[in-house]
Structure formats: structure tokens, C-alpha cells
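Q: dropping a prediction and its sequence here:
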Amino acid sequence: EAQVTQNPRYLITVTGKKLTVTCSQNMNHEYMSWYRQDPGLGLRQIYYSMNVEVTDKGDVPEGYKVSRKEKRNFPLILESPSPNQTSLYFCASSFSRGGGYTFGSGTRLTVV
Amino acid sequence: GENVEQHPSTLSVQEGDSAVIKCTYSDSASNYFPWYKQELGKGPQLIIDIRSNVGEKKDQRIAVTLNKTAKHFSLHITETQPEDSAVYFCAARGFITQGGSEKLVFGKGTKLTVNP
């Protein structure tokens, strides 16, 4: 089944403790992206990647890092999480610049 | 950069009625406009999209219209059913940066409730 898989689905952590949210797609998509979803603010792009080793900032990149060492994987790294990063995170992938995105099921992160 | 406005933020209709959600965008270079449906506890799912060289597209009970001159596009759902209840997002994609990087900008969403 074609899908984008995120892990974990739920995560509660403490301020300052480094964490990684993994994202993997099995559709051989070139384009991948991370979004955060907050009430009243909709979906905001954090980072995206056009291909292996090619990444670029989105609208809200502060406090986040990404890497794209393999085509299928696009992990999101929070080196020192803070409470304002409590949010619902989605990974998405697309086969081309003009194609629609396939989203993962989301990761609900709480930073206390 | 691109800015997408979506209205209304909430919409309640009776089963069988039609629902219309409207979006406006700011960047005239935007050339692709997808719509996503997000059910509770799930990620957004692409339901229909339209490109800038087309004015209207229909898929069963769902249709999307695009007015490039006015820079607005709309989602129309006819004969609504309770399973249509969800949050709907519009989006606009264009080539924003000098390097040709593309960017998908979303509206803030419309919560549609279809009452039986």
C-alpha cells in the first residue's frame, strides 16, 4: 500500500531533550515536507526537500532540523524542544512539483 | 510570498444540501490548487485539484472552480452526506524562490458539519 509512515504517533517529552520524528514513504517520491498544525493557524510548512541532500526552509523552521540522506526518509529533529513546539506534525510527500501531496497520519507532540 | 485566505472557518449544512468553501490567493504565479479533506485523527487527504489552465473540474459530488483573474477558487460539494463532515483545506502552489523551489501554502481550514 502506498503510504507515508510517521513515528511515533504520540510523544510527550520534556524541555530540552532532543527528539527525532521519523518519516518514510514507499512511493519513490522526490519531494517531501514537514508541516505543523495548530488550532486557528492551519498547516504551516517547517522544511521541505526536493531530493536527496536538497532541503530548504519553510515558513516556521526555527528550532527544527531535517536531513534527507535517502530518498524514502525525511526525519524531523528537535535538538532542544520547547513548549511552543507542542503541536500536531505531519510529513508529506509528492511525486513531482505539480503533484498533490500524500500525508502521513500525524505525530502529536507535547513538550512539558 | 503567497497568502491563502479561506472562508468560512465553520460551515453547518443539512444532509442533502450543497456546501461551498471559498479561497483567495495572492501570488499570480501560483498554478496548482489542491483541496484536502482531514477527518478526525487522520492526516489530510487529497480529494480534488485543479491547474491554472482549467476553469472547472468535477468528480462525482465534488467540483472545484478557478477564477485566475480574480485569484479565487472554490470547492462545491453537492448532496452532502454525514461522512462529508471533516475539515477541508485549500492550498495554492507556485514557484516562489529564485531557485525554482516550489511551495504549497494552505488556507486555515473549514470545519464542515453535515447534520442528518
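A: Sure, I can see it.
Q: give the contact list for residue B:57.
A: Residues near residue B:57 by Cβ atoms under 8 Å, 6 or more residues apart in numbering or on different chains: B:48, B:49, B:50, B:63, B:64. C-betas here are computed from N, CA, C, even on glycine.
Q: near chain A, which residues of chain B?
A: Contact residues, chain B versus chain A (Cβ under 8 Å from any Cβ of the partner chain): B:6, B:31-32, B:34, B:36, B:41-46, B:49, B:51, B:89, B:93, B:95, B:97, B:101-109.
Q: show me which of the contacts of residue B:57 is closest to chain A.
A: residue B:49 (5.3 Å; Cβ to the nearest Cβ).
Q: specify the beta-bridge partners of the closest one.
A: Going by DSSP bridges, residue B:49 is paired in beta bridges with residue B:34.
Q: now it: how far from residue A:38?
A: Between residue B:49 and residue A:38 the computed distance is 25 Å (Cβ to Cβ, to the nearest Å).
Q: neighbour count winner among these two?
A: In terms of neighbours (other Cβ atoms under 10 Å in any protein chain shown), residue B:49 is the more surrounded of residue B:49 and residue A:38; the figures are 19 against 14.
Q: can you pull out the strands in chain B?
A: Applying DSSP state E to chain B gives strands spanning B:4-7, B:10-14, B:19-25, B:32-38, B:45-51, B:56-59, B:62-67, B:72-77, B:86-95, B:102-106, B:110-115.
Q: need these in a markdown table (columns: mean pLDDT).
A: Shown next, in a markdown table, are these (pLDDT from 0 to 100):
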| stretch | mean pLDDT |
| --- | --- |
| strand B:4-7 | 96 |
| strand B:10-14 | 98 |
| strand B:19-25 | 97 |
| strand B:32-38 | 95 |
| strand B:45-51 | 94 |
| strand B:56-59 | 94 |
| strand B:62-67 | 97 |
| strand B:72-77 | 97 |
| strand B:86-95 | 89 |
| strand B:102-106 | 79 |
| strand B:110-115 | 97 |
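Q: thanks again, I'm all set now.
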